[in-house]
Each structure stands twice: as C-alpha cells, then as structure tokens.
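**Q** have a look; sequence and predicted model below, questions after that.
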Amino acid sequence: MKKSYLITPFIFLCIIGLSLAFPPTNQAEVATKKASISDTEVKPQQDKQASLAAFDEMMKVVMHKRCMNCHPSDDFPRQGEDSHLHYFGIQRGKDGHGLPAAKCGTCHQSENNDFSGVPGAPHWHLAPRSMGWQGLSKAEVGAALLDKSKNGDRSLEDIVKHITEDPLVLWVFNPGLNHEGTPREAPPISKEDYIKAVKKWAETGAHLPQ
Amino acid sequence: MTISFKINGKAQTVEVDGQTPLLWVIRDLLNLKGTKFGCGQAACGACTIHVNGEAVRSCSYAVKFAADKEITTIEGLSPSEEQLHPVQQAWIDEIVPQCGYCQPGFMMATAALLNKNPNPTDEDIDNSIINICRCATYYRMRKAIHRAAKLTQANMSASTNQEETTSETH
C-alpha cells in the first residue's frame, strides 16, 4: 500500500514534467503552418511563371504591327503590313493628332471605311512619344507599359482597362480591308484570349521577363 | 437614313444610305460640283472640304458622320459672292492652276492650314499641304499660300482698324 502511494505522485509529476518539456502540439496548426510555408515557397514561383506566360501571350497583340505602326519611337507613323513610313509624310504634330490640314482625322474616321480602304476607330491618333515602342524588346515595352512616367500616369489597373477596353486598342482585332480590298492582318490570337491574358498577367503580379 | 447638316451655311437634309461618301452627296445630290473626285482612297486630296472647320477627305467620309455638322465646300469658302477668300485671291494673283482639277482641294486644305497657322513657313506648308497635283503646280502654290497668309493678315488688320474707327465714332 505504502509503495503504491509513492508511485502514483511520481507518475503524476513525470507527466507534468514531460508536458512542460514537450508542450502538446495542435495537429491542425502544424498542417496549416506546413501549407503556408509551402505556399510562400511555391505559389509566387507558379504565379511568376503564369504571369510571364500570360505576358508572352498578350505581347503577340501589343507588339503586332497593327499596334506598333502607331507607336513609333520617332514622329512618323508607319502603315501597312511592312510598316513602311506613312505615305504623304504624315507627322505626329503637337498632340499626336497630326498637323493642320494633315491631321489623322482628315482621312481616318471613327470606323473602318472598307470602300476607300482607310482604317478608322474612335480618336485615331498616335501614341505619345513616351510610348514609342519601335526598336524596343518585349521586356522593354512591358516596362514602359508599367512606368507611370511614360504611360500617362496610369496604375496597373488603369493600364489593364486601357489595353482591354479602349476601342482604338481593340480596333486591332477588326482592322478592316486595305485599299485593294484585302483584309489587313490581325494578331494571331483572338480578342477574348488577349483580354484573358492581360488580366491573368496583371492578377499574377504583372511580371516582366529579365 | 435621314441626315441633316449645314452646308455652306445652309441647312440641308438628305435621305441616303449612311455609308455613302459625303463627296457623292455633295456632288450628286446637292449639285455642288466644285469638290472633285480624285482617287477615292483619301490619298490625293482633290475632294478636301471642311467639316466643323477641319480639312476632311470627303471621298472617304461616310455621310452619316456629317449629321449635325457644319460643312464648307469650295463654293462656300468666300464670305460672299462679291468677295473672294484670301486663298482664292492669292491663287488668282499667283496664277496657280494649270489643268485646275485638284485646285479646290488644295485651296480648302490651305484655308484649313491658315486657320490654325496664319503665317506658315515653307516647311509648315510642305508638311501640312499633302494633296497631289499631277501638273506639279506646287511651287506656285507655295507662293500663293504665303500670299494668302499676307492677305489674311492684311484683311484682319483692316477689319480691326475699321472696328476701332466705328467704336470711336459711336
């Protein structure tokens, strides 16, 4: 009897001691911790890869000649499938809308004219000089898109809205017929896929290739 | 489609397919033959008119866009039948036309240029007046444009002086 009285408190003290030395762990908490560590290690990498893939996809449109022809790095628009200098020596002018009597709107209206072969879309004009893309790499164009000092002080959200909703930008998917009645070349992906790619790129961090 | 606009200060309403080039409406429906058809591709400028004061190639301008706008053709360029526009006067003074076919377009383009730039340099003229003349009257046109600029300024000074005299009299 006496022995059993001694053993019981001893076991009790051992249990307390062990519990202090090795506090009980919550299995769910451990699992969460593991998952979050795993996320921080893997998800950004996955996002970056997804973002870069989406960037490549959207740039098939952004750097297509239909866009690039009016994003010159100098003051002269280009035209045609070979991006030659715009005929008649057309120039940017002070506001990107051309010169008096030779404004963009002298010939280009708010929609394509498939009878004359003159393309058109609302507010047809040249992109500002700061958004001149000719001669730039994909990454450089992407950087310019995100650079507020060049992109008209637009946030990423503004840029996404601009390049997925502006009718002049989206004209690229409906470029009409040229003066010979031949359809102008459109980008290799659909408008829907382009918009999806732009949004995916932005949502996944708007990463740019190095 | 019913489309109403003002042409040379006069209200007009036409019933026509909205895609019809404004040039056809001007020439064939409104019988104003001064504006010419050249290339039909907005390239040569023979069909240049003004829409709300801006030079426009009417062969490539669907009439539906003209709704509620002010259109001026070569027939309406001068302020009255008795008084020539400075550009018309200068064209006569410098004996610019050869065959003359493209000249209305050139004069309308020049008037649009002078509205924005009353004293253009040779470079301004070369950059802004991009119409095509197969008789190559460009050299005489350039002289006429400078002359038109001077005439416009002289007219403005004369009208300012007249206004000052009138206000002093009253």
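**A** That came in fine, so what should we check first?
**Q** any idea of the mean pLDDT in stretch B:144-155?
**A** The pLDDT scores in stretch B:144-155 average 95.
**Q** centre of the chain to the helix or strand hosting B:Glu164, how far?
**A** Per DSSP states H and E, B:Glu164 falls inside helix B:138-169. Distance, stretch centre to chain centre, for helix B:138-169: 17 Å (C-alpha atoms, centre = their mean, to the nearest Å).
**Q** name the nearest residue to A:Asn69, ignoring sequence neighbours.
**A** Once its chain neighbours are removed from consideration, A:Asn69 has its nearest residue in A:Arg78; the separation is 4.1 Å (C-beta to C-beta, 6 or more residues apart in numbering or on different chains). Heads up, the C-betas are built off the backbone N, CA and C, glycines and all.
**Q** quick one: list the elements packing against the helix holding B:Glu164.
**A** In terms of contacts (3 or more C-beta pairs under 8 Å, 6 or more residues apart in numbering or on different chains; DSSP states H and E), helix B:138-169 is packed against helix B:86-93, helix B:103-116, helix B:122-128.
**Q** which helices and strands does the longest one pack with?
**A** Identification of packing neighbours for helix B:103-116 by 3+ C-beta pairs under 8 Å, 6+ apart yields strand B:48-51, strand B:54-57, helix B:86-93, helix B:122-128, helix B:138-169.
**Q** same deal with the shortest one?
**A** Packing contacts for helix B:122-128, counted by 3+ C-beta pairs under 8 Å, 6+ apart, involve strand A:98-99, helix B:103-116, helix B:138-169.
**Q** before we move on, back to that, please list all residues in contact with the residue nearest to A:Asn69.
**A** A:Lys65, A:Met68, A:Asn69, A:Cys70, A:Pro72, A:His84, A:Leu85, A:His86, A:Gln134 (C-beta atoms under 8 Å, 6 or more residues apart in numbering or on different chains).
**Q** domains of chain B?
**A** Split into domains by automatic domain parsing, chain B comes to B:2-76, B:86-169.
**Q** in a markdown table, list these along with mean neighbour count.
**A** Putting these into a markdown table (neighbours: other C-beta atoms under 10 Å in any protein chain shown) gives the following:
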| stretch | mean neighbour count |
| --- | --- |
| domain B:2-76 | 19 |
| domain B:86-169 | 18 |
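**Q** compare the ones you listed and say which comes out lowest on pLDDT.
**A** Ranked by mean pLDDT, the domains of chain B bottom out at domain B:86-169, which scores a mean of 93.
**Q** figure out how far that domain is from the centre of its chain.
**A** Here domain B:86-169 is found 10 Å from its chain centre; the criterion is C-alpha atoms, centre = their mean.
**Q** residue contacts, the residue nearest the centre of chain B?
**A** To find the centre residue of chain B, average its C-alpha atoms and take the closest one (C-alpha atoms, centre = their mean): that gives B:Met108, at 2.1 Å. Under the criterion of C-beta under 8 Å, 6+ apart, the neighbours of B:Met108 are B:Thr48, B:Ile49, B:His50, B:Ala55, B:Thr72, B:Thr73, B:Ile74, B:Leu77.
**Q** follow-up on the earlier one: out of the contacts of A:Arg78, which comes closest to chain B?
**A** Within these, distances to chain B taken as C-beta to the nearest C-beta reach their minimum at A:His86, with 10.2 Å.
**Q** residues from chain A in reach of chain B?
**A** Within reach of chain B by C-beta under 8 Å from any C-beta of the partner chain, chain A has these residues: A:87-91, A:99-103, A:105-107, A:109-111, A:113, A:115-118, A:179.
**Q** how about 7 Å then?
**A** Taking C-beta under 7 Å from any C-beta of the partner chain as the criterion, chain A approaches chain B at residues A:88-89, A:91, A:99-103, A:105-107, A:109, A:113, A:116-118, A:179.
**Q** now which of the residues you listed would you call buried?
**A** Buried by 16 or more other C-beta atoms under 10 Å in any protein chain shown: A:88, A:91, A:99-103, A:105-107, A:109, A:113, A:116-118, A:179, out of the residues of chain A next to chain B.
**Q** in strands, which of the residues you listed fall?
**A** Secondary-structure check on these using DSSP state E: residues within strands are A:Leu99, A:Ala102, A:Lys103.
**Q** what residues are up against the second one?
**A** Residues touching A:Ala102, when contacts are defined by C-beta atoms under 7 Å, 6 or more residues apart in numbering or on different chains, comprise A:Ile90, B:Asn127, B:Ser128, B:Ile130.
**Q** any idea how far it is from B:Val56?
**A** When distances are taken as C-beta to C-beta, to the nearest Å, A:Ala102 and B:Val56 turn out to be 12 Å apart.
**Q** rewinding a little: tell me which of the helices and strands packed on helix B:138-169 lies nearest to A:Asp153.
**A** helix B:103-116 (28.4 Å; C-beta to C-beta).
**Q** now that closest one against helix B:86-93, angle please.
**A** Put simply, helix B:103-116 runs at 130 degrees to helix B:86-93, going by axes from the mean of the first three to the mean of the last three C-alpha atoms, to 10 degrees.
**Q** strands of chain A, start to end?
**A** Applying DSSP E to chain A gives strands spanning A:78-79, A:84-85, A:98-99, A:102-103.
**Q** so can I have TSV of those strands showing distance to B:Glu164 and mean pLDDT?
**A** Putting the strands of chain A into TSV (distance: least, C-beta to C-beta, whole Å; pLDDT from 0 to 100) gives the following:
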stretch	distance to B:Glu164	mean pLDDT
strand A:78-79	50	98
strand A:84-85	49	97
strand A:98-99	34	97
strand A:102-103	35	97
